[in-house]
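Q: Dropping the sequence and predicted coords here.
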Amino acid sequence: MDIVIASGKGGTGKTTVATSMALSVPNSVYLDCDVEEPNGHLFLQPDIEKKETVYRSVPEVNCQLCTYCGECARLCEYNALVVLKSQILVFKKMCHSCGVCSYFCPEKAIYEIDEPIGSCRQGVVKPEYIEFVGGSLAIGEMSAVPLIAHVKGHSKRHKVNIIDAPPGTACAMVEAVRDADYCLLVTEPTPFGLHDLKLAVNVLGIIGVPFGVVINKVKDEINLIRDYCNSNEIEICMEIPFDRRLAEAYSKGIPTVKIYPQMRERFRDLIIKIEKSINTISYTAGDVSQKKVRESKEIIRD
Amino acid sequence: MYNKSKNLKGKVMRVAISAVDNNLDAQVDPRFGRAGYFLIVDTDSMEFESISNPNINAMGGAGIQSAQLVIDKDVVSVLTGKCGPKAFEVFQKAGIKIYEDIEGSVREAIRTFQSKKLSPSEMAGGKPHMSIS
């Protein structure tokens, strides 16, 4: 089961919620997909066992075969190639590694080479034995998407995968969220929190990932997020009260559930609730593909 | 007979200018990559071709594409307000001279260019832009 913790606005408590969830159930996998500024490791303190470099493909031109026909530059959706009379320029920073140029080159003069974009660390959080995977994007890299895809590749099928997504609603967030079973949108009861929540809700509606809302830093009885969710029939999965002790602990890298151990139960219940809702979604109103997958599984079981 | 519209190499002197409109009295567009139009002008006869810039709303790499566009028109020089670093690199590799900080109408710009008072840029004037990826 893949649960993504995302938010439109940054600094609302994605990592607080994600690390707490990972620490609240046995056999969880925590995947830090906020690769531009990863910080999950500060709270979980994993013992790192493996570190690998992550690459993406960029085109390289064999000038002996190239006829400078310009087909690659015409086809490139991202304007990464320029063909002059007797030379060809590759702007690697513009390249999205789609592979169109090498696929369609009539002379087969373009091949792909690996370009390092960052690293991925794997480890274990003791004593809970949570699996930790965290990506870290190299400085100056334009796109986090291939690295996020790599980190997500380490999720385990039969475990609870907690995916800590990058903030915002752009490509990186979409990459972290897509194909997930459920998405928790963490927000705060401020006008900015509401504004960016609406953006995130729109994105998830388009991608078709079921979601619920966690309201963090709740202070007053009147709460604009609650009003928005109620009038749009969006489920509020959890409310976390504003608490100075939690903020202080956060600043020292202490996870929320270590300050209030009784909160583990709330996070555990949240995960159980999500698991149940995923099952009902795919049985009833869920989209056809999910339903088909489930049906085929049942046939195998029978 | 000596053809006036050709220079000594027998090649037409063609210059690309970024412009806000499609005629010689239009103002020079201060941006290169996302300029409204490119006028390809034969500086001797003042005959020109105007191209509406298809890269004006490109997600990223507008400068690169615009550079490719004018290079394919066989120009020898480019007159514009500011040229970003990627387009600049393309022009340098292609051996095309770039004249930046050009203001006023296209006609005036060509007159100044012909007076040889301008000196080509050696470094890109604009800062690199972040593309949303």
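A: Ah, there it is.

Q: A:Q87 and B:Q92 touch, don't they?
A: No. If you go by CB atoms under 8 Å, A:Q87 and B:Q92 don't touch, sitting 11.3 Å apart. The C-beta positions use only the backbone N, C-alpha and C, and glycine is treated the same way.

Q: Verify the contact between A:V201 and A:F211 for me.
A: Yes. The pair A:V201 / A:F211 is scored as a contact, 7.4 Å apart, by CB under 8 Å.

Q: What about the residue in the stretch 151-300 of chain A that chain B sits nearest to, how many residues nearby?
A: Residue of the stretch 151-300 of chain A nearest chain B, by CB to the nearest CB: A:C171 (5.8 Å). Using other CB atoms under 10 Å in any protein chain shown as the criterion, A:C171 is surrounded by 16 other residues.

Q: Can you check the pLDDT for it?
A: With respect to pLDDT, A:C171 has a value of 93.

Q: right, and it touches A:L147 too?
A: No. Applying CB under 8 Å as the test, A:C171 and A:L147 come out as separate, 11.9 Å apart.

Q: What are the boundaries of the strands in chain B?
A: Secondary structure of chain B (DSSP state E): strands located at B:14-19, B:37-42, B:48-52, B:77-79, B:97-99.

Q: looking at the ones you listed, which is buried most?
A: strand B:14-19 (a mean of 27; mean count of other CB atoms under 10 Å in any protein chain shown).

Q: angle of that strand against strand B:48-52?
A: On the basis of axes from the mean of the first three to the mean of the last three CA atoms, to 10 degrees, strand B:14-19 is oriented at 40 degrees to strand B:48-52.

Q: Which other helices and strands does strand B:14-19 contact?
A: Secondary-structure packing of strand B:14-19 (3 or more CB pairs under 8 Å, 6 or more residues apart in numbering or on different chains; DSSP states H and E): strand B:37-42, strand B:77-79, helix B:106-114.

Q: What strands line up against the second one, and which way round?
A: Strand B:77-79 has these partner strands in its sheet, going by DSSP bridges: strand B:14-19 (parallel), strand B:97-99 (parallel).

Q: Check the offset of it from the chain's centre.
A: Here strand B:77-79 is found 4 Å from its chain centre; the criterion is CA atoms, centre = their mean, to the nearest Å.

Q: Could you list the residues of chain B in contact with chain A?
A: Neighbours of chain A within chain B, by CB under 8 Å from any CB of the partner chain: B:55, B:58-62, B:64-65, B:67-68, B:71, B:86, B:89-90, B:93-94, B:130-133.

Q: now, which of the residues you listed lie within helices?
A: Mapping the residues of chain B next to chain A onto helices (DSSP state H) picks out B:A62, B:I64, B:Q65, B:A67, B:Q68, B:I71, B:K86, B:E89, B:V90, B:K93, B:A94.

Q: most surrounded residue in the residues you listed?
A: The residue in those with the most neighbours, by other CB under 10 Å, is B:A67 (32 neighbours).

Q: which residues sit in contact with it?
A: Contact analysis of B:A67 by CB atoms under 8 Å, 6 or more residues apart in numbering or on different chains lists A:V82, B:F32, B:G33, B:K86, B:A87, B:V90, B:F91, B:A94.

Q: Same check on A:G10?
A: Applying CB under 8 Å, 6+ apart to A:G10 gives the contacts A:P167, A:G168.

Q: From chain B, how far off is it?
A: Taking CB to the nearest CB, to the nearest Å as the measure, A:G10 and chain B are separated by 17 Å.

Q: Repeat that for A:V125.
A: Distance from A:V125 to chain B, by CB to the nearest CB: 32 Å.

Q: May I have the beta-bridge partners of that residue?
A: The partner residues for A:V125, given DSSP bridges, come to A:I130.

Q: ok, now B:S77?
A: Beta-bridge partners, per DSSP bridges, of B:S77: B:V15, B:K97.

Q: before we move on, back to that, neighbour-wise, which of A:V201 and A:F211 wins?
A: Set A:V201 next to A:F211 and count neighbours by other CB under 10 Å: A:F211 wins out with 22 against 19.
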